[in-house]
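*Asks:* how would this look folded up:
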Amino acid sequence: MKIKPLADRVLIEPISAEEIKKVGKINLVMPQTMDKERPEQGKVAAVGAGKINKDGKLIPMSVKKGDTVLFTKYGPNEIKVDGKIYLIAEEKDILAILE
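*Replies:* This is a model prediction of the structure:
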């Protein structure tokens, strides 16, 4: 199934806390206890067209497919599609793009 978010919503594939992270030349393994909490990072899988302002003009999205983002812990809604968990967030729930 293909998901196309509406308006200023973003479909995010969460990054599990137990995944191995590379920081420079050092590999970090996040403890499994952190995995019990809801993730706060993810990869953008799809974005909506943007928000319409009060003048009827489209405000384009700041994020794009493939961006790794940091988002508020409890802002996004969790959905399950074809056995895989995704989050749908409004653009305002995204705090930063990680580079």
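*Asks:* any idea of the pLDDT on residue 61?
*Replies:* pLDDT for residue 61: 96.
*Asks:* is it in a helix, a strand, or coil?
*Replies:* What DSSP: H, G, I helix; E, B strand; the rest coil gives for residue 61 is coil.
*Asks:* what does residue 92 give?
*Replies:* At residue 92 the chain is in helix, as set by three-state DSSP.
*Asks:* residue contacts, it?
*Replies:* Neighbouring residues of residue 92 by CB atoms under 8 Å, 6 or more residues apart in numbering: 8, 75. For the C-beta atoms, the positions are set from N, CA and C on the backbone; glycine is no exception.
*Asks:* kindly report the same for residue 86.
*Replies:* 3, 11-14, 45, 78-80.
*Asks:* ok, 7 Å please
*Replies:* Listed by CB atoms under 7 Å, 6 or more residues apart in numbering, the contact partners of residue 86 are 11-13, 45, 79.
*Asks:* least trustworthy helix or strand in the protein by mean pLDDT?
*Replies:* None of the helices or strands of the chain scores lower by mean pLDDT, DSSP states H and E than strand 20-23, at a mean of 48.
*Asks:* so where does the residue nearest the centre of the chain fall, helix or strand?
*Replies:* For the chain, residue 12 is the residue whose C-alpha lies nearest the centre (CA atoms, centre = their mean; 3.4 Å). Taking DSSP states H and E as the criterion, residue 12 maps to strand 9-14.
*Asks:* tell me the buried residues in that strand?
*Replies:* Within strand 9-14, the residues that count as buried by 16 or more other CB atoms under 10 Å are 9-12, 14.
*Asks:* pipe those into JSON lines and attach pLDDT and distance to residue 71 per row.
*Replies:* Shown next, in JSON lines, are these (pLDDT from 0 to 100; distance: CB to CB, whole Å):
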{"residue": "9", "pLDDT": "97", "distance to residue 71": "12"}
{"residue": "10", "pLDDT": "98", "distance to residue 71": "8"}
{"residue": "11", "pLDDT": "97", "distance to residue 71": "12"}
{"residue": "12", "pLDDT": "96", "distance to residue 71": "7"}
{"residue": "14", "pLDDT": "93", "distance to residue 71": "9"}
